[in-house]
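# This is the structure alone, sequence omitted:
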């Protein structure tokens with residue numbers, strides 16, 4: 001039996017986690033929430049299919065640092081970055097490191113599905 005892909009949502013803002021996860025679940029997606037990059041790293045099992053919706057700026061390990069750590073560990077997972085503090089250099093760096101998309105908060109939740 002094939003397991004369903006999971007959207008792993010990592011954001012330090014509870015309101016963002018709640019709003020985005022409710023939207024994604026209403027569209028039939030399985031969602032797991034994490035309040036920090038380290039919490040995601042501690043729980044993530046690379047054999048589980050899914051994608052990562054990841055805030056850029058968080059206390060402790062940033063989203064960019066998590067992306068770098070996943071690369072160092074040779075873990076490949078599609079990443080969509082979200083940020084309330086996005087700028088062009090950060091977005092360029094994220095894309096060069098393999099991000100699928102970069103959305104600035106607040107964003108239309110439907111953009112996550114496209």
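Sure thing, it's come through. Quick caveat, the model's predicted, so the values are computed rather than measured. Numbering: from 1, shown residues only.
# measure residue 51 to residue 88 for me?
Distance check for residue 51 against residue 88: by C-beta to C-beta, to the nearest Å, it reads 24 Å. Yep, even glycine has a C-beta here, placed from its N, CA and C like the rest.
# So the two - more neighbours on which side?
For residue 51 versus residue 88, neighbours defined as other C-beta atoms under 10 Å are more numerous around residue 51 (17 against 8).
# contacting residues around the more buried one?
Listed by C-beta atoms under 8 Å, 6 or more residues apart in numbering, the contact partners of residue 51 are 5, 7-8, 77-80, 100.
# Just the buried positions in stretch 105-114, please.
Buried residues in stretch 105-114, defined by neighbour count with 16 or more other C-beta atoms under 10 Å: 107, 112.
# any idea how far it is from the chain center?
13 Å (C-alpha atoms, centre = their mean, to the nearest Å).
# which helices and strands does the helix or strand hosting residue 7 pack with?
With elements taken from DSSP states H and E, the one containing residue 7 is strand 6-10. For strand 6-10, the helices and strands in contact under the criterion 3 or more C-beta pairs under 8 Å, 6 or more residues apart in numbering; DSSP states H and E are helix 14-26, strand 30-34, helix 37-43, strand 50-55.
# Okay, and the beta partners of the residue nearest the centre of the chain?
With distances taken as C-alpha atoms, centre = their mean, the residue of the chain nearest its centroid is residue 53 (1.9 Å). Legend: beta-bridge partners of residue 53 under DSSP bridges are residue 9, residue 80.
# how much space between it and residue 17?
As judged by C-beta to C-beta, residue 53 and residue 17 stand 10 Å apart.
# Contacts for stretch 96-106, please.
Contacts of stretch 96-106 from elsewhere in the structure, counted by C-beta under 8 Å, 6+ apart, are 16, 51, 64, 67-68, 71, 78-84, 86, 90-91, 94-95, 111-112.
# buried subset of those?
16, 51, 64, 67, 79-83, 86, 90-91, 94, 112.
# what does the model give the closest residue to residue 43 other than its chain neighbours for pLDDT?
On the basis of C-beta to C-beta, 6 or more residues apart in numbering, the spatially nearest residue to residue 43 that is not a chain neighbour turns out to be residue 34, at 7.0 Å. At residue 34 the predicted local distance difference test score is 98.
# Thank you kindly, that will do.
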